[in-house]
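In: need coordinates for the below:
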Amino acid sequence: MRIHNPARLNADYLIKEIEPQVHLGEPIYSTDFEAVLTGIKKRLKRRVSFDILKINNQNYVTKVGVRVPNSNYYTCMIGELEVNRDITTFGIKTFRLHKERYNYNWGNEWAGASITTKIPRAVSIVSRIETLYDHELIKLAVADVANDAQIEMHRPKAKYDAVDKQFQDRVTGFRDGAAKATVQLLKELIEASKVGRLVNLDPNNSVLKQYEEYCNERETLGETVEHLGERVAIQVLKLFNRDEINMAYYPMDTGNSRYICLPSISHLPETIQTLMHTVNIMGEHDEWNDNKKCSVGMSQNPKSTKILAEEHYVLFVPKDEADDLVARITGETTHVPE
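Out: Now for the predicted structure:
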């Protein structure tokens, strides 16, 4: 059975250029660690290599990253955690498998990891972990921001729809005597209607001031919603260590993201390039995650530990223009070679 759930993927697994560690002589692998790595190579027919991630003071390798050709991410990390009475304990940490326990003996670094003292078991676990290739990564990244994109794209309409309820809450609440002022205004209107006369409303009544603010806000938001019109979220992302640009569409009804791969930003439609530029210039930083947001789109903070792409935009494209883009994306979806 292959292990393929990618729920714990983050930047810790991204393969980076590793600076050579200062040590005396060649790194040394313990007999058991060497046996684990050899067993993995045999099971995967040598389509695997290991990056040294940690060495102890005796020059023994204690942690490696497992990498497969054409993947930007380590499939997992393997650690030699302890040797006690000739029994070696190994930790295997991967974004595809998480044990709901905290390994108190080895700290947060190995929290959620699979722990075993059996060499065949360690080989078996690592060999069954599915490699993460670009095609899956793009789909993950696109799906990861889809809900937030929908919320942000429809935020002006949501604000407009909420105006009536907010006005109601303001004039019926007990804060600043709002309810009392509303009751007084109703009394004046009812008494005036009984005798068939026009009522001269007190201009200082707080309800009248609230109503004027409500009308102005509703008109302003209504104009914004009408100006923006119906829009579609189109995503643009560039993966780490890749030159290509991907333009993607995520249909909320099916959740089956589609994308096309383009050689560079210059190959993107002019509309998309313009919106990207607008987000870069006009986008304001979100206080919670430092993503950039504005009325035409959003971009992810490239320093976030959870980001899956080096550059990632969600752009809110007018529907009449987006229809052609969606047709192009869904009709020409290409897979990055694995």
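In: all strands of the stretch 101-250 of the chain, in order?
Out: Assigned by DSSP state E, counting those that start in this stretch, the strands in the stretch 101-250 of the chain fall at 114-116, 231-238, 245-249.
In: can you get me a residue count around Lys45?
Out: Each residue near Lys45 was counted by other CB atoms under 10 Å, and the total is 7. Heads up, the C-betas are built off the backbone N, CA and C, glycines and all.
In: circling back: want to throw the strands of the stretch 101-250 of the chain into CSV with mean neighbour count, mean pLDDT and distance to Leu221?
Out: Rendered in CSV, the data for these read as follows (neighbours: other CB atoms under 10 Å; pLDDT from 0 to 100; distance: least, CB to CB, whole Å):
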stretch, mean neighbour count, mean pLDDT, distance to Leu221
strand 114-116, 20, 93, 52
strand 231-238, 22, 96, 16
strand 245-249, 23, 95, 28
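In: out of those strands, which comes closest to Leu275?
Out: Taking CB to CB as the criterion, strand 231-238 is the member of the strands of the stretch 101-250 of the chain that comes nearest to Leu275, at 8.4 Å.
In: once you drop chain neighbours, what's closest to Val314?
Out: Ala149 (4.2 Å; CB to CB, 6 or more residues apart in numbering).
In: that neighbour - how many residues pack around it?
Out: 22.
In: what about it, distance to Ala141?
Out: The gap separating Ala149 from Ala141 is 12 Å, by CB to CB, to the nearest Å.
In: on that earlier part again, who's in contact with the residue nearest to Val314?
Out: The contact partners of Ala149, taken as CB atoms under 8 Å, 6 or more residues apart in numbering, are Ala233, Gln235, Tyr250, Met298, Val314.
In: same thing but at 7 Å, please
Out: With contacts defined as CB atoms under 7 Å, 6 or more residues apart in numbering, Ala149 is in contact with Ala233, Met298, Val314.
In: need those residues in TSV with distance to Ala158, can you?
Out: What follows is those, written out as TSV (distance: CB to CB, whole Å):
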residue	distance to Ala158
Ala233	15
Met298	15
Val314	17
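In: is Thr330 in a helix, a strand, or coil?
Out: helix (DSSP: H, G, I helix; E, B strand; the rest coil).
In: that one and Tyr259 touch, don't they?
Out: No - with the criterion set as CB atoms under 7 Å, Thr330 and Tyr259 do not qualify as a contacting pair; they are 9.5 Å apart.
In: quick one, which of those two is more surrounded?
Out: Neighbours per residue, other CB under 10 Å: of Thr330 and Tyr259, the larger number sits with Tyr259, 25 against 14.
In: pLDDT on the one helix or strand the more buried one maps to, on average?
Out: Take DSSP states H and E as the rule and Tyr259 turns out to sit in strand 258-262. For strand 258-262, mean pLDDT is 94.
In: and that strand, what's buried?
Out: Across strand 258-262, burial judged by 16 or more other CB atoms under 10 Å covers Arg258, Tyr259, Ile260, Cys261, Leu262.
In: cool, stretch 121-136 as well?
Out: Neighbour count says stretch 121-136 has Ala122, Val123, Ile125, Val126, Ser127, Ile129, Thr131, Leu132, Tyr133, Asp134, His135, Glu136 buried, by 16+ other CB under 10 Å.
In: equivalent analysis for stretch 306-322, please.
Out: Ile307, Leu308, Ala309, Glu311, His312, Tyr313, Val314, Leu315, Phe316, Val317, Ala322.
In: still on that earlier bit, and the residue nearest to Val314, how far is that from Tyr160?
Out: Counting by CB to CB, the gap from Ala149 to Tyr160 is 19 Å.
In: before we move on, what about Lys293?
Out: With distances defined as CB to CB, the gap from Lys293 to Tyr160 amounts to 18 Å.
In: now Ile260
Out: Taken as CB to CB, the span from Ile260 to Tyr160 is 34 Å.
In: ok, now Arg328?
Out: Computed as CB to CB, the Arg328 to Tyr160 distance reads 32 Å.
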